[in-house]
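*Asks:* let's see this in three dimensions:
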Amino acid sequence: MKTFVRLCCLFVVVMMTSCVKRGDYIYLQDMDEKLEYPVVQKYETVIQRDDKLSIKVSCKSPELALAFNIFGESGYTVNNDGSINASNANMTADSRTGGYTVGVDGNITFPMLGVLHVEGLTRKQLVDMITQKIIDMELLKDPIVIVEFLNMKISVLGAVGHVGTISLKGDRFTLLDALAASGDLTDNSRYDRIGVIREHGDTRRIYWNDIRSKDVFLSPTFYLQQNDIIYVEPTSKKVRNENRQNLFMIQSVFAFITSTISLILLFDKL
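*Replies:* Numbers count the residues shown, from 1 in each chain. Next comes the predicted model:
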């Protein structure tokens, strides 16, 4: 009797270990609540080709900075008193937003300053460059330059709640933010195979992330950049079916063992 019970228990243990573990579906399972982890901030966005930038210049005398904020086919005239009149009759809707699209050569053409190579610069670096050029050319004494991204977006594909494109506001947007905005992962998602496809100049590379581990915070793609593509790899249907079959078998075997042991104990008492 004891040998039979031991064999049955051993069988149940073996079947249970063959199923997917609970830990396969837990985020950041190796984080200790008693420990503190350093925050490595690497989310300063770098300007890329095809980015659309809003660049605005101002100063203590706004009329002096107007020439830097003329877009499209509009023009301006200087009055006798030194004031400036801008004409935007021919401006397109795109022009009114103040957008400068970075060309395939990484350049933009900026009023008064001409062609600027901006690819690879951060917003701060571009602000510093334009500010310094304006001062060096003695166009303004106290320029204030503001640079913003107008077309920040990422795409999310694969086994998520809903796929699609996410428009970003601000530079700081993480991989976990993207998953949350996409309806989180599903029962069909692999938590250890979340890829981020990123462009580097003329090359493209995929980085794989495992969000079950705290090491995801150290990933070069934890902080996302514009035009990143996130792909969540789905689990195999065969594996899921086998897990369901194993679970059903365990339940059946456990019920059989319980019934058998109950009957044996009952007959022993008779």
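*Asks:* does residue 207 touch residue 194 like I think?
*Replies:* No. Judged on C-beta atoms under 8 Å, residue 207 makes no contact with residue 194 at a distance of 9.2 Å. Yep, even glycine has a C-beta here, placed from its N, CA and C like the rest.
*Asks:* and the two? Which one has more around it.
*Replies:* More crowded of residue 207 and residue 194, by other C-beta atoms under 10 Å: residue 194, with 26 against 15.
*Asks:* show the contacting residues for the more buried one.
*Replies:* 175, 179, 208, 209, 210, 211, 230, 231, 232, 233 (C-beta atoms under 8 Å, 6 or more residues apart in numbering).
*Asks:* repeat that for 6 Å
*Replies:* 209, 232 (C-beta atoms under 6 Å, 6 or more residues apart in numbering).
*Asks:* quick one: secondary structure of it?
*Replies:* Classification of residue 194 using DSSP: H, G, I helix; E, B strand; the rest coil returns strand.
*Asks:* that one bridge partners, please.
*Replies:* Residue 194 has these beta-bridge partners by DSSP bridges: residue 209, residue 232.
*Asks:* and it, how far from residue 159?
*Replies:* Distance, residue 194 to residue 159, by C-beta to C-beta, to the nearest Å: 10 Å.
*Asks:* so what sits against both of the two?
*Replies:* Common contacts of residue 194 and residue 159, defined by C-beta under 6 Å, 6+ apart, comprise residue 232.
*Asks:* might one say that residue 126 is in contact with residue 147?
*Replies:* Yes. The pair residue 126 / residue 147 is scored as a contact, 5.2 Å apart, by C-beta atoms under 6 Å.
*Asks:* phi, psi for residue 203 please.
*Replies:* phi -120, psi 160 (degrees, to the nearest 10).
*Asks:* can you give me the distance of it to residue 165?
*Replies:* Residue 203 is 23 Å from residue 165, by C-beta to C-beta.
*Asks:* cool, and residue 109?
*Replies:* 28 Å.
*Asks:* tell me the contacts of residue 131?
*Replies:* By C-beta under 6 Å, 6+ apart, the residues touching residue 131 are 143, 145.
*Asks:* got the buried residues for whichever helix or strand it is part of?
*Replies:* Here residue 131, judged by DSSP states H and E, is contained in helix 123-136. Residues 123, 126, 127, 129, 130, 131, 133, 134 are the ones in helix 123-136 that count as buried (16 or more other C-beta atoms under 10 Å).
*Asks:* that helix: what's the following helix or strand?
*Replies:* Going down the chain from helix 123-136, the next helix or strand is strand 144-149, by DSSP H and E.
*Asks:* residue 203 and residue 165: who's more crowded?
*Replies:* Using other C-beta under 10 Å, the more surrounded residue of residue 203 and residue 165 is residue 165, with 10 against 7.
*Asks:* the more buried one against residue 154, yeah?
*Replies:* No. Using C-beta under 6 Å, residue 165 is not in contact with residue 154; the gap is 7.2 Å.
*Asks:* in this structure, which spans are strands?
*Replies:* 52-58, 75-78, 84-87, 99-101, 107-110, 114-117, 144-149, 153-158, 164-167, 189-200, 203-209, 229-234 (DSSP state E).
*Asks:* quick one: which of the ones you listed is nearest residue 39?
*Replies:* strand 203-209 (17.4 Å; C-beta to C-beta).
*Asks:* show me what that closest one is packed up against.
*Replies:* If contacts are counted by 3 or more C-beta pairs under 6 Å, 6 or more residues apart in numbering; DSSP states H and E, strand 203-209 sits against strand 189-200.
*Asks:* great, nothing more from me.
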